[in-house]
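# build me a structure from this.
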Amino acid sequence: MSLLAPPAHDRGIATLTLDSPANRNALSARLVGELADALDVCAADETVRAVLLTHTGNTFCAGADLTAPPDPHALVALMRRIVALPKPVVARVTGHVRAGGLGLLAACDVSAAGPGATFALTESRLGLAPAVISLPLLPRTDPRAAARYYLTGERFDAAEAARIGLVSVAAEDVDAALAPVLDGLRRASPQGLAASKELVAARVLRSFDQHSEALIARSAALFASDDAREGMTAFLERRDPAWRL
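Purely as a prediction, here's the structure:
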């Protein structure tokens, strides 16, 4: 069974739906691969003007699947594919977003989050750090807010996510907020969209080109550490970690 719902098409908008609610749409190696393939199909389809990325269940994405984590190279390639896709990618978020899910969200061009959405960068609580997801996150997020939430792992709501630049808009009705966005994308020319996206994505792509390999290496080292093993084991066992002094 696919971890993505069958793609839906509506007047030039292709909707890709993360559909693995059993593990809160966590980024497994399989889901990363399926989403990358679906984006490639959308990029090659001349009838697709833009992509809408959404989810089933009460969680947009819970971050990396700790039982079957994706290779960091594959996760970086997925985020870069979203940023570099010649068609806009719009995120529709009505549930929770954690850890690596924030990297997926930050890679999108436009995003709207509803009142049920919450966000947290929980890596530090697992002995990890938001390493590779920093590639799209840091260029698009307020630096003082990034420092706070990277370090503390605090939860914050949709209004705060919009204030710090993580999402484009916080709205009571996400679909109403996205309606003029999708209408505008339908009215634009494919060439105009591609050229305009290239301009606004250039800074983020430079982040990937300059820092990907160093952050992949850092992520791998952290995942292999004693602290991370304890943190992830404690998380899966639903207990407090016993950190070394």
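# which stretches of this protein form strands?
Applying DSSP state E to the chain gives strands spanning 8-10, 13-18, 50-55, 59-61, 89-93, 96-98, 110-113, 118-120, 156-157, 169-170.
# tell me which of the ones you listed is the most buried.
Comparing these by mean neighbour count (mean count of other CB atoms under 10 Å), strand 59-61 ranks first with a mean of 27. Backbone N, C-alpha and C define where each C-beta goes, glycine included.
# quick one: the closest residue in space to residue 233 that isn't next to it in sequence from residue 128, how far?
Nearest non-adjacent residue to residue 233, counting by CB to CB, 6 or more residues apart in numbering: residue 241, 7.9 Å away. Separation of residue 241 from residue 128 (CB to CB, to the nearest Å) stands at 12 Å.
# ok, residue 159 next?
27 Å.
# which of those two has more residues huddled nearby?
residue 128 (22 against 15; other CB atoms under 10 Å).
# pull the contacting residues for that one.
219, 222, 223, 228, 231 (CB atoms under 8 Å, 6 or more residues apart in numbering).
# by neighbour count, which of the residues you listed wins?
residue 219 (25 neighbours).
# the residue lying closest to that residue once chain neighbours are set aside: neighbour count?
Among residues not flanking residue 219 along the chain, residue 131 sits closest, at 4.0 Å (CB to CB, 6+ apart). Residues lying near residue 131 (other CB under 10 Å) number 23.
# hmm, residue 131 is touching residue 221, no?
No. Look at residue 131 against residue 221 with CB atoms under 8 Å: they stay out of range, at 9.1 Å.
# phi and psi next, for the closest residue to residue 225 other than its chain neighbours.
Among residues not flanking residue 225 along the chain, residue 127 sits closest, at 6.3 Å (CB to CB, 6+ apart). With angles defined as degrees, to the nearest 10, residue 127 sits at phi 80, psi 20.
# next one: residue 127 from residue 229, what distance?
Between residue 127 and residue 229 the computed distance is 8 Å (CB to CB).
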